[in-house]
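Colleague: Quick one, fold the following:
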Amino acid sequence: MITPIIDETTIERLRALINGVQRIAITCHKSPDGDALGSTLALCHVLRRLGKDVVVVTPDMAPRSLEFVPGVRELVVFTKHEARARQVLNDAQVIFCLDFNSLHRIDRLGEVIKPLSTRRVLIDHHLNPEEAFDISISFPDVSSTCELVFRVLMQLGLLRLMDRYAASCLYVGLLTDTGGFAYSCDNPEFYEILSSIMRRRIDRIDLYNKAMNTFSADSLRLQGFAISEKMQLFPEQGASLITLDKQELERFNYNRGDTETLVNKPLAIPGIFWSVFMREDADRIKISCRSQGDFSVSDICARYFSGGGHENAAGGEFNGTIDEAVQVFHQVLADLFPDQQQDHQEQPSN
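Modeller: Numbering: from 1, shown residues only. Model (predicted):
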């Protein structure tokens, strides 16, 4: 039995809103991951089967590693087709905002949406959503936005419209946002939802292999380099740090998504229970953190890197150089483990 977690007043407001409109736009955060793509495309497909005119608009391109997700090729990408994206959003009678909690997380797309009088519906699982939505469905304790979309559809009575296509999209989001069912999925109801999705005859093995076990040659070489040459271990603090600057990324022909699972790798080392990965982007440092047990990397990302997330999976950003970001990491170690020495770290091999 899957427990309804969204109050009925909200569900009735959402049902009335959907029933009263025809043109719907759906969007997600910048640099969409499996959960962002899976949730938007699944919701799009179900609403289309309900007879609605639905278009998914993304701030930028999906990574090559997720091009297999059903419906990716139908996306209207703002950075490629800005005029079309603006038209879709201007014509929409409601905009669903999935897998982000603030309009600034959708980059320039937020500047387009913000002045519109169009009603907005938030479906998200990140902490502290801003008050920019007419209907807000926010549950940070759920595994993923895909899980929350499933629950919304369930309470709306629309699961009958969830076919193999939509179920495959939801499966990808559940899979990737839990690191292959490794974290953020302790609630037994998660597996009841997973079971319901699998009953739609999805090709679970194919989806799993494409999402978790498929890498380009350049991606494998980059990850091998990162682990061999750039990984630092701090055994006294149970920590690991990997950094990659722009020159290193260019050396291995980096494409977005090539380092998606890299932050998880050090957690396989006995005694390492939290891992930090820093990647230099064009104008900032992207931070990814993972942990095991009750060690919260969400608190670290919120306090030090203007981010947040879940207890065992979080991220953030740093405006500065990668060396300055590393200095902040060392400050984290000093703040969290004041009685431990940092000079026992393992340096990357040369």
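
Colleague: contacts and neighbour counts: CA atoms only from here.
Modeller: Will do.

Colleague: ok so residue 314 is a helix residue?
Modeller: No. According to DSSP: H, G, I helix; E, B strand; the rest coil, the state of residue 314 is strand, so it is not within a helix.

Colleague: Surely it touches residue 304?
Modeller: No. Using Cα atoms under 8 Å, residue 314 makes no contact with residue 304, being 12.0 Å away.

Colleague: Which of the two has more residues huddled nearby?
Modeller: In terms of neighbours (other Cα atoms under 10 Å), residue 314 is the more surrounded of residue 314 and residue 304; the figures are 23 against 17.

Colleague: all strands for the chain, in order.
Modeller: For the chain, the strands defined by DSSP state E occupy 23-28, 53-58, 76-77, 94-98, 119-124, 135-138, 232-234, 239-244, 274-280, 285-291, 308-309, 313-318.

Colleague: Compare the ones you listed and give me the one nearest residue 203.
Modeller: strand 53-58 (23.8 Å; Cα to Cα).

Colleague: Now do that closest one: which elements does it pack against?
Modeller: Counting contacts by 3 or more Cα pairs under 8 Å, 6 or more residues apart in numbering; DSSP states H and E, strand 53-58 packs against strand 23-28, helix 34-49, strand 76-77, helix 82-91.

Colleague: can you pull out the helices in the stretch 201-350 of the chain?
Modeller: All helices of the stretch 201-350 of the chain, identified by DSSP state H, counting those that start in this stretch, fall at 204-212, 217-225, 246-251, 297-304, 322-336.

Colleague: how about these in a markdown table, adding distance to residue 27 and mean pLDDT?
Modeller: As requested, the helices of the stretch 201-350 of the chain are exported to a markdown table (distance: least, Cα to Cα, whole Å; pLDDT from 0 to 100):
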| stretch | distance to residue 27 | mean pLDDT |
| --- | --- | --- |
| helix 204-212 | 21 | 96 |
| helix 217-225 | 28 | 96 |
| helix 246-251 | 29 | 97 |
| helix 297-304 | 24 | 94 |
| helix 322-336 | 31 | 97 |
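
Colleague: Got phi/psi on residue 257?
Modeller: Taking degrees, to the nearest 10, you get phi 110, psi -20 for the backbone angles of residue 257.

Colleague: Can you get me a residue count around the residue lying closest to it once chain neighbours are set aside?
Modeller: Once flanking residues are discounted, residue 257 sits nearest to residue 63: 5.5 Å by Cα to Cα, 6 or more residues apart in numbering. Neighbours of residue 63 under the rule other Cα under 10 Å: 16.

Colleague: hang on, the earlier thing: single out the most deeply packed of the helices and strands packed on strand 53-58.
Modeller: Of all the helices and strands packed on strand 53-58, helix 34-49 carries the top mean neighbour count, a mean of 26, counting by mean count of other Cα atoms under 10 Å.
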